[in-house]
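Engineer: pasting the sequence and the predicted coordinates here, then a few questions.
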Amino acid sequence: MLIHGLYEGCRTFRRFTQETIPKEILEDIVETARVRSSAMNGQILRYLVACSPETVKKIQPCLGWAAKLPKEIGTPKAEEQPVAFILILKPEKAHAYADIDIGIVLDTMALTAWSHAVGSCMLGNINRDKLSEAINIPSGYEVKMILALGYPDHKSTLVPVKEDGNLSYYVDENRDYYIPKLSAQEVISYI
């Protein structure tokens, strides 16, 4: 599959089947992020892979989902929760480009997951105090983002932006997602 096609399918998913993700796939996701480029080759980020049902269950209540959607649509129900998480940790003393590295590894992990048909959701709405009480975060590190993972239980489709220009995503009666995207002509210029 070409990279462009992978990105078209690699959307945000918020409802998952409860099928376990094989450890080899989780390892591939993190290993691909590990070898990805980093600013000044600093390699300062660390990753916690939460895949035991007990740990995943402890993390769930520490997360906020889809602030732009009503909770009953944007927040997964108990039987739709992710089955694994990857926590991205940044050291307390980090260089100025560390947040860019976070974006790079999140994108890398999401795309690698999708290459295995695993859906993801990048979460920054984290109750970090509650999370620190629920699981052991290594000293000297802060959880910056969490990647939720699971096999998707809904569709997520790109659609053209309507004439009113509204970029808000929406759901249909089946709770499938539609994501408006501007056309190439609207966002790309050649000089």
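Structural biologist: Structure received.

Engineer: would you map the strands across the protein?
Structural biologist: Along the chain, counting by DSSP state E, strands occupy 46-50, 84-91, 119-123, 141-150, 156-160, 170-171, 177-181.

Engineer: now the ones you listed in CSV, with mean pLDDT, distance to K71 and mean neighbour count?
Structural biologist: C-beta: built from backbone N, CA, C; applies to glycine. Converted to CSV, the strands of the chain look like this (pLDDT from 0 to 100; distance: least, C-beta to C-beta, whole Å; neighbours: other C-beta atoms under 10 Å):
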stretch, mean pLDDT, distance to K71, mean neighbour count
strand 46-50, 97, 23, 18
strand 84-91, 96, 20, 21
strand 119-123, 97, 15, 23
strand 141-150, 97, 16, 22
strand 156-160, 92, 19, 13
strand 170-171, 86, 13, 16
strand 177-181, 92, 15, 17
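
Engineer: relative to A78, which of those strands is closest?
Structural biologist: Nearest to A78 among the strands of the chain is strand 141-150 (13.2 Å), distances taken as C-beta to C-beta.

Engineer: how much space between the residue nearest to D153 when sequence neighbours are not counted and Q81?
Structural biologist: In space, and not counting its chain neighbours, D153 is closest to R15: 4.4 Å by C-beta to C-beta, 6 or more residues apart in numbering. As for R15, its distance to Q81 is 9 Å (criterion: C-beta to C-beta, to the nearest Å).

Engineer: the two: which is more packed in?
Structural biologist: R15 (23 against 19; other C-beta atoms under 10 Å).

Engineer: helices along the chain, start to end?
Structural biologist: 3-9, 23-35, 53-59, 71-74, 98-115, 128-134, 184-187 (DSSP state H).

Engineer: take the ones you listed and write them to a markdown table, including mean pLDDT.
Structural biologist: Shown next, in a markdown table, are these (pLDDT from 0 to 100):
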| stretch | mean pLDDT |
| --- | --- |
| helix 3-9 | 81 |
| helix 23-35 | 96 |
| helix 53-59 | 97 |
| helix 71-74 | 77 |
| helix 98-115 | 95 |
| helix 128-134 | 95 |
| helix 184-187 | 93 |
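
Engineer: most tightly packed of these?
Structural biologist: Stretch with highest mean neighbour count among these: helix 98-115 (a mean of 19; mean count of other C-beta atoms under 10 Å).

Engineer: could you tell me how far it lies from the centre of the chain?
Structural biologist: Relative to its chain's centre, helix 98-115 lies at 8 Å (C-alpha atoms, centre = their mean, to the nearest Å).
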